[in-house]
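Asker: give me coordinates for this.
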Amino acid sequence: MSHQNLSSHHRKLTRRSFLVLGGAAFAQGLGLISPVAAESVSLRRSTILGVPLYQTHIDLTNPNTFIAIGLANNSTLGNHQGTIGEESFGNMVSRYHAAIVANGTFFSKQDPKRLMGNIVSAGMFLKYSPWENYGTTLGLRVGNQPELVTARVDGTPDWGQHWFSLTGGPRLLRQGKVWLAPRSEGFTDPRVMGVAHRCAIGFPASGKKLILVTFLVPLPLWREAKVMRAIGCSEAMNLDGGASSALYHRGRILVNPKRTLTNAIVVYDSHHPAPTFLRETWQKFQRGERPIVPQLFRV
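Answerer: Numbers count the residues shown, from 1 in each chain. The predicted model follows:
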């Protein structure tokens, strides 16, 4: 896999080094740690409704930034042959050379570590189970149009029409209103239902950007939902958090997880370029190519 305008060390990275979730970018910053105008990825620390947090804004209209999922140990398929293993966050940060690296979706604590929910990345299935029918899925369709689908309410997500899909939950917002029904989504874990360190992702009614939020104090789901609405989201869902909460931004680990991870969200921008093949696969998806369930996933 070749990288444009990267060092020889970066060019040694292979296609196995990360797996794209979706193309996106940010053209209008809402406040930066570094005073650089109009950055494609913007992160700032703020306090909303009394809750301290980091918010990362990613504009879905700028082609220079791509959001990716990295799997532990350079795995290319989630849960293939039982496990993808786990890896330190520092190792993942060092490997991806991205602007942002953050924790992703849920995974089991018991060995073998298994990813929860289906994942589509770079228009390819990374993890697929035909019986998945819980939680809420964030998907990017043609033109980076985002959608949230709560399986047991809205029906099965159309993963085959997603350039990117990541299943999390519980859902926090629907059409600008707090929407909480975790048990109906299939969640029963008290660590999800109670007060916890949390992360979330959502988008405004315009659908032009994603907002990734890392909360810095424990809070219940209802308060998390209100904060996401106050930030400007119309649709939002909870991500994995707790001991998995992790956030890296341009040379600094801002939130260090308390355990090794199986997957991470990776964000590239104009200063941390995505490899050529990510751009090429995104263009192919726009021209009509769609994810196909690999034979090894068929049951």
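Asker: all contacts plus neighbour counts: C-alpha atoms, from now on.
Answerer: OK.
Asker: and the helix or strand where Ser184 lies, what other elements does it pack with?
Answerer: Assigned by DSSP states H and E, Ser184 belongs to helix 182-185. When contacts are defined as 3 or more Cα pairs under 8 Å, 6 or more residues apart in numbering; DSSP states H and E, helix 182-185 packs onto helix 151-154.
Asker: CA atoms only: put the helix it packs on into CSV for me.
Answerer: Taking Å, rounded to 0.1, in the frame of the first residue of the first chain, the C-alpha atoms of helix 151-154 are listed here in CSV:
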residue,chain,number,x,y,z
ALA,A,151,-32.5,-2.6,14.3
ARG,A,152,-35.3,-3.6,16.6
VAL,A,153,-37.3,-0.5,15.9
ASP,A,154,-36.4,0.6,12.3
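Asker: flag every buried residue along that helix.
Answerer: Within helix 151-154, the residues scored as buried using 16 or more other Cα atoms under 10 Å are Ala151.
Asker: what is the distance between it and the centre of its chain?
Answerer: 20 Å (Cα atoms, centre = their mean, to the nearest Å).
Asker: ok, residues contacting whichever helix or strand comes after that helix?
Answerer: Later in the chain than helix 151-154, the nearest helix or strand by DSSP H and E is strand 164-168. Contacts to strand 164-168, defined as Cα atoms under 8 Å, 6 or more residues apart in numbering, come from residues 20-22, 105-106, 116-123, 135-141, 159, 237-240.
Asker: again with stretch 253-263
Answerer: Applying Cα under 8 Å, 6+ apart, the set of residues contacting stretch 253-263 from outside is 69-72, 84-89, 103-105, 107, 113, 115, 243-248.
Asker: go through stretch 191-209 and flag the buried ones.
Answerer: By neighbour count with 16+ other Cα under 10 Å, stretch 191-209 contains the buried residues 192, 195-204, 207-209.
Asker: try stretch 172-191
Answerer: Residues of stretch 172-191 classed as buried: Leu172, Leu173, Arg174, Gly176, Val178, Trp179, Leu180, Pro182, Glu185, Phe187 (neighbour count, 16+ other Cα under 10 Å).
Asker: end-to-end on that stretch?
Answerer: Stretch 172-191 has its terminal residues 16 Å apart, counting by Cα to Cα, to the nearest Å.
Asker: give me the helix or strand of the chain that scores worst on average pLDDT.
Answerer: helix 8-11 (a mean of 42; mean pLDDT, DSSP states H and E).
Asker: quick one: low-confidence parts of this structure?
Answerer: Applying pLDDT under 70 to the chain picks out residues 1-38, 77-84, 110-112, 295-299.
Asker: all the helices of it, residue numbers only.
Answerer: Counting by DSSP state H, one finds helices in the chain at the ranges 8-11, 89-96, 151-154, 182-185, 190-193, 221-231, 276-286.
Asker: so what secondary structure elements neighbour the fifth one?
Answerer: Think helix 190-193. Short answer (3+ Cα pairs under 8 Å, 6+ apart): helix 190-193 packs on no helix or strand.
Asker: which ones are touching the most centrally placed residue in the chain?
Answerer: The residue lying closest to the centre of the chain (Cα atoms, centre = their mean) is Ile265, at 4.6 Å. Each residue near Ile265 by Cα under 8 Å, 6+ apart is listed here: Ile67, Ala68, Ile69, Gly70, Ile100, Val101, Ala102, Asn103, Gly104.
Asker: tabulate those (TSV), appending distance to Leu60 and neighbour count.
Answerer: Below are these laid out as TSV (distance: Cα to Cα, whole Å; neighbours: other Cα atoms under 10 Å):
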residue	distance to Leu60	neighbour count
Ile67	10	26
Ala68	13	27
Ile69	16	28
Gly70	20	28
Ile100	16	27
Val101	18	27
Ala102	18	29
Asn103	20	27
Gly104	19	27
